[in-house]
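Enquirer: model the structure of this input:
(2 chains)
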There are 2 protein chains.
Amino acid sequence: MNEMYNAIVGQSGGPTAAINASLAGVIKKTCESEKIGKIFGMLNGISGMMEERIVDLSSLGSDEDKLSLLSKTPASFLGSCRFKLPEEDSPIYDRIFDVLEKYQIRYFFYIGGNDSMDTVLKLSAFALKKGKDIRFVGVPKTIDNDLPGTDHTPGFGSAAKYIASTVREISADSAVYNVNSVTVIEIMGRNAGWLTGASALARYKGLGPDLIYLPEHTFHFSQFYDDIAKISKNKKNIVVAISEGARTKDGKYVCEAVSNGIVDVFGHKYLGGTARVLEGFVRKKFGFKARGIELNVSQRCAGHLLSKTDISESFQVGSSAVELALKGKTGIMTAIARMSNAPYRSECVAVDIAAAANQEKTVPRHFISERGNDVTEDFIQYAAPLIAGEVPVEFENGLPKMLVLEKEA
Amino acid sequence: MNEMYNAIVGQSGGPTAAINASLAGVIKKTCESEKIGKIFGMLNGISGMMEERIVDLSSLGSDEDKLSLLSKTPASFLGSCRFKLPEEDSPIYDRIFDVLEKYQIRYFFYIGGNDSMDTVLKLSAFALKKGKDIRFVGVPKTIDNDLPGTDHTPGFGSAAKYIASTVREISADSAVYNVNSVTVIEIMGRNAGWLTGASALARYKGLGPDLIYLPEHTFHFSQFYDDIAKISKNKKNIVVAISEGARTKDGKYVCEAVSNGIVDVFGHKYLGGTARVLEGFVRKKFGFKARGIELNVSQRCAGHLLSKTDISESFQVGSSAVELALKGKTGIMTAIARMSNAPYRSECVAVDIAAAANQEKTVPRHFISERGNDVTEDFIQYAAPLIAGEVPVEFENGLPKMLVLEKEA
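Expert: Below you'll find the predicted structure:
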């Protein structure tokens, strides 16, 4: 048997605009190491690996141009999956470890959110129990910024930058007519309001959101109407940023407020979207021009507008994962520690995977204004450095280039 | 009375990401002319002008930095209005000409779409009839590209570039899971499919829309299902681009297909949005994962992703309008003539305002595929040059800067 062991990397969960920068970090670092033979990629995460849908990525390691393009290509280059590992008495574990042994894998890297960290947790525990020397290291990603154990998650900064830029632009657009208007912008994050809060960064010369509602704070329609009425005394065009996950005190989503009794032709209860629901209520209550806008998946895939801070850190958490695995670490996740805020400086550290798996980090109370309709200056200080800096886009025929996997490779 | 006459400029109708480039062109050229005194701006178009809500823009003329920033600032810098002039026996005309005389205006520039060109048409006709030497020149703008008399409209290229980039990114995002999926992207343009067609430019290494439905071609649900079924035999993740204005053969919008009998709590007939409606139908019919996405107003205000071709031409139509007015022209619109396609080259020309006002230019039949589910190579050749080139974004604290009017100036 060969003395040289190989590495494998996979991506899991929802894609982001920065997840491939972490992949590029893993590929580059593994290829630089003399201790590692090949770097394989799982197609569609652990699900694809079990079917031996595996590609050899080693040729990318020395191709700086392709690695650079990969770092700014949105969505999961290797494909993704949503697969939660069962408990350890399942035959699935034997299958997984058979594949790992067949490909002589000693280093296993998994880029994902809480569910993916659960996969790393279970596989590392299984390997330790069975005395197998395979190191499992998790690499965090999620636009939602809801992973504990890390100051923030790779992918959040770029999503926040896109959201703040877009909210500023929509705010300019919504202010052109000399009539009362309310524009409600719905932002991703079902349980954590980090991205919705980031809309506050859009504020600039009267532009930006006037009201910000996070899912961490109960939404009261009466308070919302009061807020609108108060602002409309001094300002014609009001912009509201609200989380898709905003809930009223009975625990129901705001978007469920008009669904009672409405069933669409498919027999499903109709859920209208938070922004659209508030649009309707504002129009009825105030008679103002109203528009609901859902920013949708562009929040997680706008590769044409990336945060340099985010892409650099995303690359580094990938690279750092390889270093830690080479040192024998397993059952850990690489994380970002903020060393200083002005000037901003961060470092990669290792955290126990159990601290990150299956848990959600929501926006703390001191980041939310007392009335619950804005974020605080503390939040701004926290978020502002994460959107700093730009990544030059490579254009071809007027459009951003991407690195796309040739599936037959 | 002073021998030196002044100029005034206004913006009208829906904003675009390029409308301020035309404004910058007007300002720069008027300030360069020794024949023109001041350049005034109407706040909120002709409506604001009648209320004498007028600002002096002359100081901008020699400020190259501000003019450059203005050129890439989205939305109408001066504000906009939606106001259709009545027939000429109305006292409104006396009011308008009183204001023009008070401000010693000889040159009147109005940047807008078909309705705004109607304003130019009526005011120029009235002035000629009354023997007043005031020159009225229209400057075209609209993302919809539906103005006749010009090869394309300023604003279209930047919107098309944003749409194609975003559709490519969403397409990458939608392809990460190894399951059948259909992503339906709804694009602006109620009667004209130019922007929806531009999504074809997104195609790249398997990414981009598989099906494109314009409002110019009748939408048949049965054909749509056949199209999806056929493509799904060879491709798991299907992307559909469809115009918000797609209609079935009874003339109803696609989004009306599920509204029968559904009335929301406000008593309005519920219109769900074309993409969302097709999402529901695809899920029911095929059992596929389905997602409807409305690109919404970012299509017209994404100042962070502009076409250099578009911004240059938008500036030139503004500049050219001033040259034509100085030559004594009135009752005209500046237009873009395509002189050659490879290499692309255009010129500004004057067209009679009556040819542009109150009319819509839709996508011609030879730009649409025979089956009506795609655009042709002719369309691609037409649209591709218009998204070419990039405008450097000025970032400040990680976000695009904008020039915002100090309303008290």
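Enquirer: CA atoms for contacts and neighbours, from now on please.
Expert: Fine.
Enquirer: contact residues of the stretch 251-400 of chain A facing chain B?
Expert: Residues of the stretch 251-400 of chain A found near chain B, taking Cα under 8 Å from any Cα of the partner chain as the criterion, are A:258, A:262, A:264-266, A:280-281, A:284, A:293-298, A:301-304, A:307, A:384, A:387-390, A:397-400.
Enquirer: can you rerun that using 6 Å?
Expert: Within reach of chain B by Cα under 6 Å from any Cα of the partner chain, the stretch 251-400 of chain A has these residues: A:C301, A:I387, A:A388, A:G389, A:G398, A:L399.
Enquirer: which ones among those are found in strands?
Expert: Among those, DSSP state E puts A:L399 in strands.
Enquirer: does A:P74 touch A:R300 like I think?
Expert: No: A:P74 is beyond contact range of A:R300, at 7.9 Å (criterion: Cα atoms under 6 Å).
Enquirer: overlap in contacts, those two.
Expert: By the contact definition Cα atoms under 6 Å, 6 or more residues apart in numbering or on different chains, A:P74 and A:R300 are jointly contacted by A:A17.
Enquirer: all strands of chain A, in order?
Expert: Here chain A has its strands, by DSSP E, at A:5-11, A:36-42, A:54-56, A:105-112, A:135-140, A:181-187, A:211-213, A:237-243, A:289-294, A:332-341, A:344-352, A:395-396, A:399-400.
Enquirer: of all the residues of the stretch 251-400 of chain A next to chain B, which comes closest to A:V179?
Expert: Minimum distance to A:V179 across those is 33.1 Å, recorded for A:I387 (Cα to Cα).
Enquirer: look up how far chain B lies from A:D98.
Expert: 23 Å (Cα to the nearest Cα, to the nearest Å).
Enquirer: and that residue, how many neighbours?
Expert: Each residue near A:D98 was counted by other Cα atoms under 10 Å in any protein chain shown, and the total is 13.
Enquirer: got it, and A:F221?
Expert: A count of neighbours around A:F221, defined by other Cα under 10 Å, yields 14.
Enquirer: ok, now which ones touch the closest residue to it other than its chain neighbours?
Expert: Excluding the flanking residues, the one nearest A:F221 by Cα to Cα, 6 or more residues apart in numbering or on different chains is A:T248, at 8.0 Å. Each residue near A:T248 by Cα under 6 Å, 6+ apart is listed here: A:T218, A:F219, A:H220.
Enquirer: before we move on, what about A:D210?
Expert: When contacts are counted by Cα under 6 Å, 6+ apart, A:D210 is found next to A:V239, A:V240.
Enquirer: re earlier: so which of the contacts of A:T248 is the most crowded?
Expert: A:F219 (23 neighbours).
Enquirer: how close does that one get to chain B?
Expert: Spatial separation of A:F219 from chain B under the definition Cα to the nearest Cα is 20 Å.
Enquirer: quick one: that residue and A:I238, what's the gap?
Expert: The spacing between A:F219 and A:I238, counted by Cα to Cα, to the nearest Å, is 18 Å.
Enquirer: same deal with A:T376?
Expert: A:T376 sits 19 Å away from A:I238 when distances are taken as Cα to Cα.
Enquirer: hang on, isn't A:I353 packed against A:M333?
Expert: Yes: A:I353 is in contact with A:M333 according to Cα under 6 Å; the separation is 5.2 Å.
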